[in-house]
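Engineer: Okay, predicted coordinates and the sequence, questions at the end:
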Amino acid sequence: MNYLPANMAQSTKNVFKALHDLDLLDLVDNKNPHMAECQSAAWDEMVKALNDAKLFPKPLNKRAVQSRVNTLVKAYRTDDLQNKVKSGTEEQYGQIKALVIRISSAIDDSKKARIDKTKAVAAKIIESDSASQAVIEEGEKGRSKRPLDSDTSELTDEEAEKQEFVHTTGGSNDDWEDEKEYRKAQKAKDRAEKAEKSEPEVKKARAFRVSKPSEMAVSDDKWIGFFEKDAQRKYALKEAELKNAYDLEAKKLDIRAKELELESRRLDIEAKRLHIPLDEFNHLI
């Protein structure tokens, strides 16, 4: 009786054959996990269905299932699919290829959807920033404005002086009342001095006391400054958040590509290990 060597004994390692690939790809095509709202849950559900069918000697895990799907998709995109399908008929290969084509398109659609979503978020941020800038500009327009050139031809002297005072110093009505009393006292003092000196009265240039700005002007400045700082801070945060999202997505894609490459190498090594030299096989016969 001829005994098989150790490397010919029944292996407990899960090996995907054509029938397995058909079951797996058909399940992926129906569930379409790449477009699912929760992709991880969709993959878990498919893994459970495959394990319940007991297609393999050992239970599958999510990583093995995803790796097999990615291997077949990558092989299709590099015209190497037929070499990755084990012990299948031409009809089975045709069915596998059709399923892989649909899954590959679903993967591309999911990537495009993620990119469109990222662009939509960016557009929303830009729109929000534009709205904030518009509010700032509107606030600037709505600030207290005082005419530089006033028609005082129909105003009394006191009204003209009041308007000039308010325009020059930005004072309030109360400030003007104080200024008016101050001017009356100053004029009385001037007239007394002139009377003592018996000199012709000479008009002096008007003197204005420096008055503090009105509370409304100070409040406007503070409010505009606060709004500008808040808008700039929000813009910086959104910009950083968007950049982090792009960087994270790029890192995920790089990691997935490396995982696929490692899995492909591991499968090639395993295939070489299971390959039996022709001379040894003839000797066993």
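Structural biologist: Right, received. Where do you want to start?

Engineer: ok, Ala36 touching Glu45?
Structural biologist: No: using CB atoms under 8 Å as the test, Ala36 is too far from Glu45 to be in contact (9.4 Å). In short, each C-beta sits where N, CA and C put it, glycine included.

Engineer: give me the element Ser22 is part of.
Structural biologist: Rather than Ser, residue 22 is Leu. Assigned by DSSP states H and E, Leu22 belongs to helix 18-31.

Engineer: Oops, could you answer that again for Ile125 instead?
Structural biologist: Going by DSSP H and E, Ile125 is part of helix 90-141.

Engineer: Against which helices or strands is that helix packed?
Structural biologist: Applying 3 or more CB pairs under 8 Å, 6 or more residues apart in numbering; DSSP states H and E, one finds that helix 90-141 contacts helix 18-31, helix 62-77, helix 81-84, helix 215-274.

Engineer: hang on, isn't Ser110 packed against Met35?
Structural biologist: Yes: using CB under 8 Å, Ser110 makes contact with Met35 at a distance of 5.3 Å.

Engineer: More neighbours: these two, which one.
Structural biologist: Ser110 (16 against 13; other CB atoms under 10 Å).

Engineer: quick one, what contacts the closest residue to that one other than its chain neighbours?
Structural biologist: Take Ser110 and drop its neighbours on the chain: the residue closest to it by CB to CB, 6 or more residues apart in numbering is His34, 4.0 Å away. By CB atoms under 8 Å, 6 or more residues apart in numbering, the contact list for His34 reads 103, 106-107, 109-110.

Engineer: residues contacting the residue nearest to the spatial centre of the chain?
Structural biologist: For the chain, Leu242 is the residue whose C-alpha lies nearest the centre (CA atoms, centre = their mean; 3.0 Å). Each residue near Leu242 by CB under 8 Å, 6+ apart is listed here: 118, 121-122, 125.

Engineer: Which of the residues you listed sits closest to His167?
Structural biologist: Ile125 (42.3 Å; CB to CB).

Engineer: can you pull the contacts of the closest one?
Structural biologist: Per CB under 8 Å, 6+ apart, neighbours of Ile125: 235, 238-239, 242.

Engineer: Among the residues you listed, pick out the one closest to Phe227, please.
Structural biologist: The nearest member of these to Phe227, counting by CB to CB, is Tyr235 at 12.5 Å.

Engineer: any idea how far Val166 is from the nearest residue to that closest one once chain neighbours are set aside?
Structural biologist: Excluding its sequence neighbours, the residue lying closest to Tyr235 (CB to CB, 6+ apart) is Asp129, at 5.1 Å. The gap separating Asp129 from Val166 is 37 Å, by CB to CB, to the nearest Å.

Engineer: Likewise for Lys31?
Structural biologist: 75 Å.

Engineer: who has more neighbours, the two?
Structural biologist: For the pair Lys31 and Val166, the greater number of neighbours falls to Val166 (19 against 15), based on other CB under 10 Å.
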